[in-house]
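Trainee: have a look at this prediction, sequence included:
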Amino acid sequence: MKKSEHTRSGKEQVRWEGYDCTLCRSDRRTLSLAFSPEGEILIRMPQHMPAAQAHAFFTAHLGWIDVHQRRIRERNSFLGQESEAALIARAKEILPGRVQHYARQMGLAPAGIRITRARRRYGSCSAAGRICFSCYLMRYPERAVDYVVVHELAHLVHLNHSAAFYALVGQILPDYKERIKLLNHYTDGFEE
Ligand SMILES: [Zn+2]
């Protein structure tokens, strides 16, 4: 599966109270504040909302923003120390067991598992039944990792993203939509 693509229409950079923020206007109805994985601030807002209104929302949450941004940056400096070799080693240690666990539950048997250095996709499944996982998946929470495992295993049955495919995924992981959110770039945030 590929990383989710974000629509980046109507973007504007501003600097508020010493923070660089990206205003992202779309058809939504409410304001929301979120962080990118790098700790950048993203403010999603309705198309025609005055910037002053978003600014008031922003300043009302300054305390939260400060704490949260620091937390993300600390987490990133920790993650940054882990080399690709270490990620590959961890993936080789963890993923075969997760695949075996879910494959048994689903009554499936992949033809093989391979760990890759892919940066733009978390995993893939070939028509021959071989499953690949990116070592960078190891930077995500366990619940997100398990979702990718089940996602790729479900491709052994459905080589598409049809309703039947997601029905199978949902049968194994009823909360799969929550898990997809963990994989999403902008997971840290809240709605107004
Ligand atoms: Zn897929």
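Mentor: Cool, got the structure.
Trainee: quick one: the strands in the protein?
Mentor: 11-16, 19-26, 32-35, 41-46, 112-116, 123-125, 130-134, 188-191 (DSSP state E).
Trainee: could you export those strands as TSV, including distance to R71 and mean pLDDT?
Mentor: In this view, the C-beta of every residue, glycine as well, is placed from N, C-alpha and C. Compiled in TSV, those are given as follows (distance: least, C-beta to C-beta, whole Å; pLDDT from 0 to 100):
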stretch	distance to R71	mean pLDDT
strand 11-16	20	92
strand 19-26	15	92
strand 32-35	9	89
strand 41-46	13	93
strand 112-116	29	95
strand 123-125	28	91
strand 130-134	25	95
strand 188-191	9	37
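Trainee: how about these, which one is nearest Y102?
Mentor: strand 130-134 (10.9 Å; C-beta to C-beta).
Trainee: list the helices and strands that closest one packs on?
Mentor: Judged by 3 or more C-beta pairs under 8 Å, 6 or more residues apart in numbering; DSSP states H and E, the packing partners of strand 130-134 are helix 84-106, strand 112-116, strand 123-125, helix 142-154.
Trainee: next, the angle from it to helix 142-154.
Mentor: Orientation of strand 130-134 against helix 142-154 (axes from the mean of the first three to the mean of the last three C-alpha atoms, to 10 degrees) gives an angle of 150 degrees.
Trainee: just want the angle from strand 130-134 to helix 84-106.
Mentor: Going by the same axes, to 10 degrees, strand 130-134 makes 140 degrees with helix 84-106.
Trainee: centre of the chain versus strand 130-134, how much separation?
Mentor: 17 Å (C-alpha atoms, centre = their mean, to the nearest Å).
Trainee: what comes up buried for it?
Mentor: Using 16 or more other C-beta atoms under 10 Å as the burial criterion, the residues of strand 130-134 that qualify are I131, C132, F133, S134.
Trainee: I'd say the second one and Y122 touch.
Mentor: No: judged on C-beta atoms under 8 Å, C132 makes no contact with Y122 at a distance of 9.5 Å.
Trainee: fine by me, thanks again.
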